Every structure is written in C-alpha cells, then in structure tokens.
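Novice: Please find the sequence and the predicted model below.
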Amino acid sequence: MPGPVTSAPEVTNISLHGFWLFIDERELFLPFDNFPWFRRAAIDAILRVERPHPDHLRWPDLDVDLTIDSLEHPGDYPLVAKI
C-alpha cells in the first residue's frame, strides 16, 4: 500500500511579521517572533523549503529543521528560540 500523499511545501507570502507556508491543502503562518531564524534571512533562503519526510520541513540554506506538528500546535512546544 502506498503511504499518504504529501505535497511539496510552498511559501505563499512574506510580510514584516512572518510568512505563510502552504502545505497539505492548508496554510500555516510562521511569525518571526516565534521563528527568529527567518527574520533576517534572504527571501531565496526562506523560499527554498524541503520536505524530506511527511512531518519534517527543512530550510537547508538556513540550517533550520521543523516538524509540521510544531507549526500546527505551537502551544505543545512552549520553548521559543531566542537569537
């Protein structure tokens, strides 16, 4: 049996406050306050997102790895990065 269908992630918009990521038929917002690695990143680096596994996202130019669950349920991950 084939596994679940996963779509390639796509950054759909970047603003002063964060960016929107379209994945699996839904759009998630990543605020720079919670994800500071992206605040000063080049647009090309934010746009280059990979999905090596169904619940794993990677931004290779920034050396950032996140789980989709941490984006969908940020309250379950109370630690916020400080840069």
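Specialist: Looks like it came in fine.
Novice: who's in contact with the helix or strand bottoming out on mean pLDDT in the chain?
Specialist: In the chain, no helix or strand scores lower on mean pLDDT, DSSP states H and E than helix 68-72, which sits at a mean of 90. Helix 68-72 is touched from outside by 21, 23-24, 28, 30, 54-57, 76-77, with contacts defined as Cβ atoms under 8 Å, 6 or more residues apart in numbering. Quick note: C-beta positions are derived from backbone N, CA and C, even for glycine.
Novice: rerun at 6 Å
Specialist: 28, 55, 77 (Cβ atoms under 6 Å, 6 or more residues apart in numbering).
Novice: Switch those over to CSV; also include pLDDT, neighbour count and secondary structure.
Specialist: Listed next are the contacts of helix 68-72 as CSV, based on pLDDT from 0 to 100; neighbours: other Cβ atoms under 10 Å; DSSP: H, G, I helix; E, B strand; the rest coil:
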residue, pLDDT, neighbour count, secondary structure
28, 95, 16, strand
55, 94, 12, coil
77, 78, 13, coil
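Novice: can you pull the contacts of residue 38?
Specialist: Under the criterion of Cβ under 6 Å, 6+ apart, the contact list for residue 38 reads residue 46.
Novice: phi, psi of it?
Specialist: phi -90, psi -10 (degrees, to the nearest 10).
Novice: Just the pLDDT at it, thanks.
Specialist: Predicted confidence (pLDDT) for residue 38: 96.
Novice: Return the distance of the least confident helix or strand of the chain from the chain's centre.
Specialist: Helix 68-72 sits 8 Å away from the centroid of its parent chain (Cα atoms, centre = their mean, to the nearest Å).
Novice: Tell me where the model's unsure across the chain.
Specialist: Applying pLDDT under 70 to the chain picks out residues 1-6, 79-83.
Novice: Could I get the full set of strands for it?
Specialist: Taking DSSP state E as the test, the strands found in the chain are 10-14, 18-23, 26-31, 50-53, 56-59, 64-67.
Novice: for these, which one sits closest to residue 43?
Specialist: strand 10-14 (6.4 Å; Cβ to Cβ).
Novice: Against which helices or strands is that closest one packed?
Specialist: Using 3 or more Cβ pairs under 6 Å, 6 or more residues apart in numbering; DSSP states H and E, the elements in contact with strand 10-14 are strand 18-23.
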